[in-house]
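S.K.: Please work out how this folds:
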Amino acid sequence: MIPELESVEDKYRRLVQALADPSVLSDPKKFRDLSKEQADIEPLVKKIEELKRVRADIAGSREILSDPRADPDLKTLAEAELRRLEEADAVLAHDIRILLVPKDPLDERGVVLEIRAGAGGDESSLFAQDLFRMYARYAEKKGWLFEILETSFSPVGGFKEAIAGIRGTGAYSRLKFESGVHRVQRVPKTEAGGRIHTSTVTVAVLPEADEVDIKIDPKDLKIEAFGSSGPGGQNVNRNYTAIRVTHKPSGMVVSCQDEKSQHRNKEKALRVLRSRLLEIARTEQQRKIASDRRSQVGTGERSEKIRTYNFPQSRITDHRLDENFHNPAAVLDGELEAILEKLFRQDQDRRLEEARAAGGPDR
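M.R.: Residues are numbered from 1 along each chain as shown. Predicted structure coming up:
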């Protein structure tokens, strides 16, 4: 594998040299682009360097073992060291293969998070509110910006629908695995008899679209202003600051009323609209490229139940991992990283297998 990776190291050295060039330093855009390129391949270069050191040590241990004049105690130590080094070699080689697999170009984007109550009535809306808070707390722990874009309340104060924008490095790479149906089994606050209810909530995670991704002709938009309302339907703003945007070609409608100005509500509504249109375009493209793709994460097929939160048994089951996690209360307080890390690793392994099948980096 080492000779095949020399070009990666050469590229990294050229980038380091370029970033020290005065002509690059005086060009902010070029410096920013080259810095990002360097940062992207730096983890791979470090793994390559580590692999080289391990393989040099393996060669040294084998040399001791093959030397008939070597001290027996030294050979025993070399044999144990060789086993450890060979295990490290296998791990590093696997990590390098994964790093060589092309990333999802949208992984570094922010996201538009949409949560909607499903089956289960009032309890579903309360669980939707719990999930919305869970993602807000997770974003806070990651140091990401969490911005409420739109909320629609149920009569008991839960969310019929809630939309948020989350911005931070790698937000989509982590949260894209949350798209799907989330099921909860617990005794609702509204249940007087203590019976366990099963409810569902649908989560959609869309990569945030830039204006350059989706061009919207102003002629294709119908923009209406209306009075804002809060929980229970009471009027909370006599001015017509809420905005409803209709995209005529698709019939898609987005409303936003959380801000006190029409301009900000319009800006947020267009942000959601662009992300939904980008998701539609991506879904269509993915269908054309691979209609039989094994994984449908992030492609819009969200009807499948992905996770069950079972409170009576203090258990969360992620059905894609076929694995149980405990302490649902902590997870709903934003302790999601353990689950998302395993989903991330599972996705990496899947993409590595696809690369192998296509004759990629593991040839």
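
S.K.: which of the residues in the helix or strand hosting A59 are buried?
M.R.: Using DSSP states H and E, A59 maps to helix 28-66. Residues 31, 34, 38, 41, 44-45, 47-48, 50-51, 54-55, 57-58, 61, 64 are the ones in helix 28-66 that count as buried (16 or more other C-beta atoms under 10 Å). Where C-beta positions appear, they are placed from N, C-alpha and C, glycine not excepted.

S.K.: Likewise for stretch 341-359?
M.R.: Across stretch 341-359, burial judged by 16+ other C-beta under 10 Å covers K342, L343, F344, Q346, D347, Q348, R351, L352, A355.

S.K.: show me where the stretch 101-250 of the chain has strands.
M.R.: Using DSSP state E, counting those that start in this stretch, the strands of the stretch 101-250 of the chain run over 111-117, 145-153, 159-167, 180-186, 197-207, 221-229, 235-247.

S.K.: Hmm, I typed the wrong one, I wanted the stretch 251-363 of the chain.
M.R.: Counting by DSSP E, counting those that start in this stretch, the stretch 251-363 of the chain has strands at residues 252-256, 305-310, 315-318, 323-326.

S.K.: Tabulate the ones you listed in TSV, adding columns for mean neighbour count, mean pLDDT and distance to K266.
M.R.: TSV is the format used below for those (neighbours: other C-beta atoms under 10 Å; pLDDT from 0 to 100; distance: least, C-beta to C-beta, whole Å):
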stretch	mean neighbour count	mean pLDDT	distance to K266
strand 252-256	19	84	7
strand 305-310	19	94	33
strand 315-318	18	95	38
strand 323-326	14	94	41
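
S.K.: Serialize those strands to a markdown table and add fields for distance to K11.
M.R.: Below are the strands of the stretch 251-363 of the chain laid out as a markdown table (distance: least, C-beta to C-beta, whole Å):
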| stretch | distance to K11 |
| --- | --- |
| strand 252-256 | 43 |
| strand 305-310 | 38 |
| strand 315-318 | 38 |
| strand 323-326 | 38 |
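
S.K.: of all these, which lies closest to P68?
M.R.: strand 323-326 (50.4 Å; C-beta to C-beta).

S.K.: which strands and helices sit next to the closest one?
M.R.: strand 315-318, helix 337-357 (3 or more C-beta pairs under 8 Å, 6 or more residues apart in numbering; DSSP states H and E).

S.K.: Mind checking the ones you listed for the one nearest to R97?
M.R.: helix 337-357 (5.8 Å).

S.K.: got the angle for that closest one vs strand 305-310?
M.R.: With axes from the mean of the first three to the mean of the last three C-alpha atoms, to 10 degrees defining the directions, helix 337-357 sits at 160 degrees from strand 305-310.

S.K.: now helix 337-357, how far from the chain's geometric center?
M.R.: 12 Å (C-alpha atoms, centre = their mean, to the nearest Å).

S.K.: Against which helices or strands is that helix packed?
M.R.: Looks like helix 337-357 contacts helix 72-100, helix 171-175, strand 315-318, strand 323-326 (3+ C-beta pairs under 8 Å, 6+ apart).

S.K.: which SS class is the residue of the chain positioned farthest from its centre?
M.R.: When distances are taken from the C-alpha mean of the chain, R69 lies farthest, 56.2 Å away, according to C-alpha atoms, centre = their mean. Recorded secondary structure, R69: coil (DSSP: H, G, I helix; E, B strand; the rest coil).
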